[in-house]
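Enquirer: Everything below, folded, please.
(chains A and B)
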Amino acid sequence: KNEVEQSPQNLTAQEGEFITINCSYSVGISALHWLQQHPGGGIVSLFMLSSGKKKHGRLIATINIQEKHSSLHITASHPRDSAVYICAVRSGGSGGSNYKLTFGKGTLLTVNP
Amino acid sequence: NAGVMQNPRHLVRRRGQEARLRCSPMKGHSHVYWYRQLPEEGLKFMVYLQKENIIDESGMPKERFSAEFPKEGPSILRIQQVVRGDSAAYFCASSPPFPSASGLTQYFGPGTRLTVL
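Expert: Reported below is the predicted structural model:
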């Protein structure tokens, strides 16, 4: 079993739909990251969170530390949101030891016009 | 402030050749991380370097792979005698020095896509 599991693996939506991508992890963490990767492109960091909820534009990320679960929501989805969304967890530990990221396999989102 | 730069963006090598991938971190960042993304797989940590030091290379294959981050110049990931299984996207990320809240965020480069024929 992978330490970081994402669901669904693939998601197709119509423009305007509300989208949820889930991430579950099995290890203790100090922080969780959501990343975006466009096909053939680089990786952009969307959020880093260790508790609660963060919002940036139409993107919302939540995390439940007790349940070891995070969700990424996209409101009013748009075709330009089509990308792979990757969940990554930073291992627990203090100071400089918590740098290592463990990644999920990603969720491929396609938003059709 | 330019982001993390990687070059080349695409690299084609024949089996047995050497591949050199370069990463220039963001200005002021002294920490560099290399990740590999194999086809149909997630990103995997390879190595963590600070200037002139390898801090953690636990994700590096034992043979043929090496990394450095010299005092001057970019970080280099070097793959000797490449094989087809080395074909992947290699991403570099950088972060500011610890400890700081921003030091927990890694900024990714655009990646180098290596194809071994």
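
Enquirer: can you give me the helices for chain A?
Expert: For chain A, applying DSSP state H gives no helices.

Enquirer: which parts of it sit against chain B?
Expert: Within chain A, the positions near chain B by CB under 8 Å from any CB of the partner chain are A:2, A:4, A:30-31, A:33, A:35, A:40-45, A:48, A:86, A:88, A:90, A:95-96, A:98-106. The C-beta positions use only the backbone N, C-alpha and C, and glycine is treated the same way.

Enquirer: Return the subset of those lying in strands.
Expert: Counting by DSSP state E, the members of the residues of chain A next to chain B that fall within strands are A:4, A:30-31, A:33, A:35, A:43-45, A:48, A:86, A:88, A:90, A:101-103.

Enquirer: Residue B:30 contacts residue B:49, doesn't it?
Expert: No - using CB atoms under 8 Å, residue B:30 is not in contact with residue B:49, being 9.4 Å away.

Enquirer: Tell me which of these two has more neighbours.
Expert: For residue B:30 versus residue B:49, the count of surrounding residues by other CB atoms under 10 Å in any protein chain shown is larger for residue B:49: 26 against 16.

Enquirer: Which element, helix or strand, includes the more buried one?
Expert: Of the helices and strands defined by DSSP states H and E, residue B:49 is found in strand B:43-50.

Enquirer: List the strands paired with that strand, with their directions.
Expert: Within its sheet, strand B:43-50 is paired with strand B:31-37 (antiparallel), strand B:53-56 (antiparallel), according to DSSP bridges.

Enquirer: Now do it: everything it contacts.
Expert: A:86, A:88, A:99-103, B:30-38, B:54-60, B:65, B:67-69, B:75, B:77, B:91 (CB atoms under 8 Å, 6 or more residues apart in numbering or on different chains).

Enquirer: Spell out, range by range, the helices that occur in chain B.
Expert: Under DSSP H, chain B gives no helices.

Enquirer: interface residues of it facing chain A?
Expert: Residues of chain B lying close to chain A (CB under 8 Å from any CB) are B:31, B:33, B:35, B:41-45, B:48, B:56, B:91, B:93, B:95, B:98-99, B:104-111, B:113.

Enquirer: Just the buried residues out of those residues, in ChimeraX syntax.
Expert: Burial among the residues of chain B next to chain A is assessed by 16 or more other CB atoms under 10 Å in any protein chain shown; the matching ChimeraX selection reads:
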select /B:31,33,35,42,43,45,48,91,93,95,98,104,105,106,107,108,109,110,111,113
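
Enquirer: quick one: residue B:82 from residue B:30, how far?
Expert: 29 Å (CB to CB, to the nearest Å).

Enquirer: whoops, I mixed them up, residue A:27
Expert: 27 Å.

Enquirer: returning to what we had before: among the residues of chain A next to chain B, name the buried ones.
Expert: By 16+ other CB under 10 Å, the residues of chain A next to chain B give A:4, A:31, A:33, A:35, A:42-43, A:45, A:48, A:86, A:88, A:90, A:98-106 as buried.

Enquirer: where does chain B have its least confident helix or strand?
Expert: strand B:107-108 (a mean of 90; mean pLDDT, DSSP states H and E).

Enquirer: Now do that strand: distance to the chain's middle.
Expert: 11 Å (CA atoms, centre = their mean, to the nearest Å).
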